[in-house]
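Asker: have a look; sequence and predicted model below, questions after that.
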Amino acid sequence: ATAADRGRGGAGLQALRLFDRHRADIDLALMVAGTSNLFLLMVQLGRDVFDTRLSAQRRVEIYERLLGMLMAARKPSASHASGATESVGLGTGRIVKLLRAWEQVAQGRDA
C-alpha cells in the first residue's frame, strides 16, 4: 500500500502520509505504551490508519493486547475490597469517558 491509497477504514490521505512518515515512531510508542491507558487511546485514535497500513499479523497482535486489557479491567477482583485495584477502576472510568468524548467528536465531524 502506498500513501496514494485512500484506505479502507476512512483514513484521509494526509493521515496516511503522516503515518508512513512516522511509522517507526508509532511502532515504538505502541511498544512503550505497553498495557497502559495510553495504549488504548492510541489504538482508538489510530484504528482507521492501522486498518490500512498495518499487516494482518500486526493488527491481530495489537487487538489481542487490547482485548486482554479490556478483559482484565472487567474481571472482578477479590482484592478490590482492600482497595488494591481501586486505581485501575478509576483509570478505566477515565478511559471510557475519553472514548465517549472522542466518539462524539467523530460523529460531529461525520455529520
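Answerer: Everything's here; your move.

Asker: so where is the protein shaky, pLDDT-wise?
Answerer: For the chain, the stretches with pLDDT under 70 are 1-11, 75-92, 102, 106, 109-111.

Asker: tell me how far G34 lies from L66.
Answerer: According to CB to CB, to the nearest Å, G34 stands 12 Å off from L66. Glycine gets a C-beta too; all of them are placed from N, C-alpha and C.

Asker: okay, these two: which has more neighbours?
Answerer: Per other CB atoms under 10 Å, whichever of G34 and L66 has more neighbours is L66, with 16 against 10.

Asker: pull the contacting residues for the more buried one.
Answerer: 39-40, 43 (CB atoms under 8 Å, 6 or more residues apart in numbering).

Asker: which SSE is it in?
Answerer: In this assignment (DSSP states H and E), L66 forms part of helix 56-74.

Asker: what residues of that helix count as buried?
Answerer: 62, 65-66, 69, 73 (16 or more other CB atoms under 10 Å).

Asker: with stretch 31-51 instead?
Answerer: Across stretch 31-51, burial judged by 16+ other CB under 10 Å covers 33, 37, 39-40, 42-43, 46, 48-50.

Asker: same question for stretch 13-20.
Answerer: Residues of stretch 13-20 classed as buried by neighbour count (16+ other CB under 10 Å): 15-16, 19.
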